[in-house]
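1. take this sequence and fold it.
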Amino acid sequence: MGDFRVRAIKDKTDRHNMYAHALRDIEAFNLMWKENLIIDGPIHIGAEQELCLVNEHFLPSNSALKVLDIINDEHYTNELGLFNMEINLDPDRLENSCFSKQEHDLLNLLDKGRLAAAQLNEEILMAGILPTLDVKHLDFDYMTPIPRYQTLSKMLHGIRGTDFEIYLQGVDDFMLSLGSVLFEACNTSFQLHLQLKPKEFVDKFNWSQMISAPVLAVGTNSPLLFGRELWSESRIALFKQSLDTRNSKNHLRRKIPRVYFGDEWLKDSPIELWKNELIRFPLIITSDDLKDSVNELHKGEIPELRAIRLHNGTTYTWNRLCYGPGKSPHIRIECRYLPAGPSAVDEIANFVFWVGLMNNAPANWSEEIKQINFRSVKANFIKAARTGIESVFNWKGKKISAKELILEELLPMAEQGLQQLNINAHDIRKYLGIIAKRLEKNQNGSQWTIDSYRKLSLKHSQNIAKQEIVAQMIEYQKQNVPVHEWDKQISSYMLDIIDNKQIEYTAAHFMSTKIFAVREDTSLGFVKAIFKWKNIHHLPVENKDGLLTGIITDGLLNKHKEENSNQFAADIMKRDVISIDRDTKIEQVISILENNQLSGVPVVRNQKLVGIITKNDLIGFMNQ
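-> Here you go, the predicted model:
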């Protein structure tokens, strides 16, 4: 989340000062652009690795700050959620074996993080969305206690005027509202940085937009959110909605969300990007140590342009303009749409593919772009996020599958682009070969996760399936195995732990979430029909606000055999309902059932029904 020397804007004077500094920054950048003060080279690359932290049961941990203290390395830093950390790799010159060096450096830093996490009996994981995340992990207790994060959350929530809402449709549906920006903490990425020559920036930025869809399609790795199968890269929609300050009650005119792909081709200068963001999005934060950047230039100093960069840090384009101050001021593109994982070598392969393409835009690209509708490029990006390597794109006016486009056109282009940069030939073959193998075997991170999840869910509860997936991801990542070699015939790492009863079972491991419930005003006749049609023994009853208010059992129903058109669910339900939460230990659940002579008990969160667990669900466990 960037600069930590910030605070909320207090009043209109504060806001005026921030706008004044941002305008001076834009003026200073224009002067630097015209006077060729932004360097051409040497060209460097860099990357940011976001990580998840899990406990011994492969569930999200809240120990990030403790682990960071143990690591004690400036390459590591905190993130929004206490179950996240970030590694900032040192930049390298774009030449020779730079990519294998980036992989080597990343693996060394990952090992350092693993050793530190192990001291707390925890593990680190690279995943676009941590499969074992649950709603409870979005409570404020899991937000890193740093003023910047709290300020951003409060200010963005204030602009929106209501809670943030997530609604995603895939194989399953997901709907949830939240009073903070912690939805964003669910997203974990591998962010790429490529320095560009100033005069090439406009064409290269537009080309980066063009290639975003196929690069994303082959690299998707985020298909699960809270156990729901959603998009191949659910991060794209989740991140967008997690920071969306637009309100559905006040959205008659067309507005752009703070997380967005873009709306048109860049025309003349990179500064257009910052100008548009200043126009479109309200200022949120400021700082007490801003400087007049134009005056700094006149003194022969290189300005930081902190005001406009602070604002830029509260808006999120998938391809972002970044400015690096210092003795050698430079500009670069940050590619933000690629997920973390599946393994380090996979991430570097994505990096190599992207840089190779970036260095080999069509020779007549500035003319070719005039014939390409930007909306079709944006549509391709959304398709890639939804359907990954199964996508079909509109590519320069023709329909073509992602697989065919990448294998036949883009991989050869990337190879040529890398050769022009004198990248080590072995590295080119190794990393681009990984991209090709994913397509040939039809297996990237998302495909492996979904196939594995479905197989595991046939034999185990969703929670055990998610924990097993995380366990296997960690083992493959430790060995740095590319995802196209990950086994789909589910072998077991975690299930051995389960068989030996080393895992702490809770209600979440056994409860059923596919449950039927009725409202208090449901007629008794219809209640009886549901019991008969679905052959169930328990039927929870909710009020108009969706809160659990009672339960009907087949025993209660048998006492009301005679039909009475004036009776409703509320008339016969048991009101003093004994309920549990998802984290209730299974031994305690069994005790509750036996001591109260119950055959089943509802599982609730904030008085809302999330599942039900019965004696039948526990037969296998009780017989072990």
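2. low-confidence ranges, the stretch 201-350 of the chain, go.
-> 243-256 (pLDDT under 70).
3. can you map out the helices along it?
-> Assigned helices in the stretch 201-350 of the chain, in chain order: 201-219, 235-242, 271-280, 293-298, 306-312, 344-358 (criterion: DSSP state H, counting those that start in this stretch).
4. surely P602 is within a helix?
-> No: judged by DSSP: H, G, I helix; E, B strand; the rest coil, P602 forms no part of a helix; its state is strand.
5. quick one: it from A363, how far?
-> Using C-beta to C-beta, to the nearest Å, P602 is found at 66 Å from A363. Heads up, the C-betas are built off the backbone N, CA and C, glycines and all.
6. these two - which one has more neighbours?
-> More crowded of P602 and A363, by other C-beta atoms under 10 Å: P602, with 21 against 8.
7. just checking, what's the longest strand in this protein?
-> strand 44-54 (DSSP state E).
8. tell me the contacts of the residue nearest to L297 when sequence neighbours are not counted?
-> Among residues not flanking L297 along the chain, A28 sits closest, at 5.4 Å (C-beta to C-beta, 6 or more residues apart in numbering). When contacts are counted by C-beta atoms under 8 Å, 6 or more residues apart in numbering, A28 is found next to 293-294, 296-297, 303, 305.
9. and those, which are buried?
-> For those, a burial check counting by 16 or more other C-beta atoms under 10 Å picks out 293-294, 296-297, 303, 305.
10. nearest to R454, of those?
-> R454 has its nearest neighbour among the buried ones among the contacts of A28 in L305, at 49.2 Å by C-beta to C-beta.
11. my guess is that closest one contacts D25, does it?
-> Yes: with contact defined as C-beta atoms under 8 Å, L305 and D25 form a contacting pair (4.2 Å).
12. in the protein, what helix or strand scores lowest on average pLDDT?
-> Within the chain, no helix or strand scores below helix 494-499, which has a mean of 54 by mean pLDDT, DSSP states H and E.
13. on that earlier part again, need the buried ones among the contacts of A28 in TSV with distance to S212, can you?
-> Converted to TSV, the buried ones among the contacts of A28 look like this (distance: C-beta to C-beta, whole Å):
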residue	distance to S212
S293	31
V294	34
E296	35
L297	34
P303	31
L305	26
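14. which one of the residues you listed sits closest to L37?
-> L297 (8.0 Å).
15. so that closest one makes contact with W33?
-> No: the pair L297 / W33 is not scored as a contact, 11.6 Å apart, by C-beta under 8 Å.
16. before we move on, back to that, overlap in contacts, L305 and D25.
-> S293.
17. and D263, how close does it get to L138?
-> According to C-beta to C-beta, D263 and L138 sit 30 Å apart.
18. just T315 next, same as before
-> From T315 to L138 the distance is 22 Å (C-beta to C-beta).
19. one more: I612?
-> I612 is 23 Å from L138, by C-beta to C-beta.
20. chain center to the longest helix anywhere in the chain, what's the gap?
-> Criterion DSSP state H: the longest helix present in the chain is helix 12-34. In terms of C-alpha atoms, centre = their mean, to the nearest Å, the centre of helix 12-34 is set 32 Å apart from its chain centre.
21. tell me the buried residues in it?
-> 18-19, 21-26, 28-29, 32-33.
22. between it and helix 271-280, how many degrees?
-> 170 degrees (axes from the mean of the first three to the mean of the last three C-alpha atoms, to 10 degrees).
23. pull the CA atoms of helix 12-34 into PDB?
-> Only the C-alpha atoms of helix 12-34 are listed here, as PDB (Å, rounded to 0.1, in the frame of the first residue of the first chain):
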ATOM      1  CA  LYS A  12     -11.300  22.000   2.600                       C
ATOM      2  CA  THR A  13      -8.100  23.900   3.300                       C
ATOM      3  CA  ASP A  14      -6.200  20.600   3.700                       C
ATOM      4  CA  ARG A  15      -7.800  19.400   0.400                       C
ATOM      5  CA  HIS A  16      -6.900  22.600  -1.400                       C
ATOM      6  CA  ASN A  17      -3.300  22.300  -0.300                       C
ATOM      7  CA  MET A  18      -3.100  18.700  -1.500                       C
ATOM      8  CA  TYR A  19      -4.600  19.600  -4.900                       C
ATOM      9  CA  ALA A  20      -2.100  22.500  -5.200                       C
ATOM     10  CA  HIS A  21       0.900  20.200  -4.500                       C
ATOM     11  CA  ALA A  22      -0.500  17.600  -7.000                       C
ATOM     12  CA  LEU A  23      -0.800  20.200  -9.700                       C
ATOM     13  CA  ARG A  24       2.700  21.400  -9.100                       C
ATOM     14  CA  ASP A  25       3.900  17.800  -9.300                       C
ATOM     15  CA  ILE A  26       2.200  17.400 -12.700                       C
ATOM     16  CA  GLU A  27       3.800  20.700 -13.900                       C
ATOM     17  CA  ALA A  28       7.200  19.500 -12.700                       C
ATOM     18  CA  PHE A  29       6.800  16.100 -14.400                       C
ATOM     19  CA  ASN A  30       6.000  17.900 -17.700                       C
ATOM     20  CA  LEU A  31       9.100  20.000 -17.300                       C
ATOM     21  CA  MET A  32      11.200  16.900 -16.700                       C
ATOM     22  CA  TRP A  33       9.600  15.200 -19.700                       C
ATOM     23  CA  LYS A  34      10.300  18.200 -22.000                       C
END
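24. so that helix versus helix 201-219, what angle?
-> Helix 12-34 and helix 201-219 are oriented at 100 degrees to each other (the same axes, to 10 degrees).
25. neighbours of I515, how many?
-> So I515, with other C-beta under 10 Å, has 17 neighbours.
26. you'd agree it is in a helix?
-> No: secondary structure of I515 (three-state DSSP): coil, not part of a helix.
27. check contacts around it.
-> 540, 609, 611-612.
28. neighbour-wise, which of those residues leads?
-> Most crowded among the contacts of I515, counting by other C-beta under 10 Å, is I612 at 26 neighbours.
29. got the contact list for the helix or strand hosting that residue?
-> Element membership for I612, per DSSP states H and E: strand 608-614. Strand 608-614 has contacts (C-beta under 8 Å, 6+ apart) with 507-508, 510-513, 515, 517, 537-538, 540, 542, 546-548, 580, 582, 589, 599-604.
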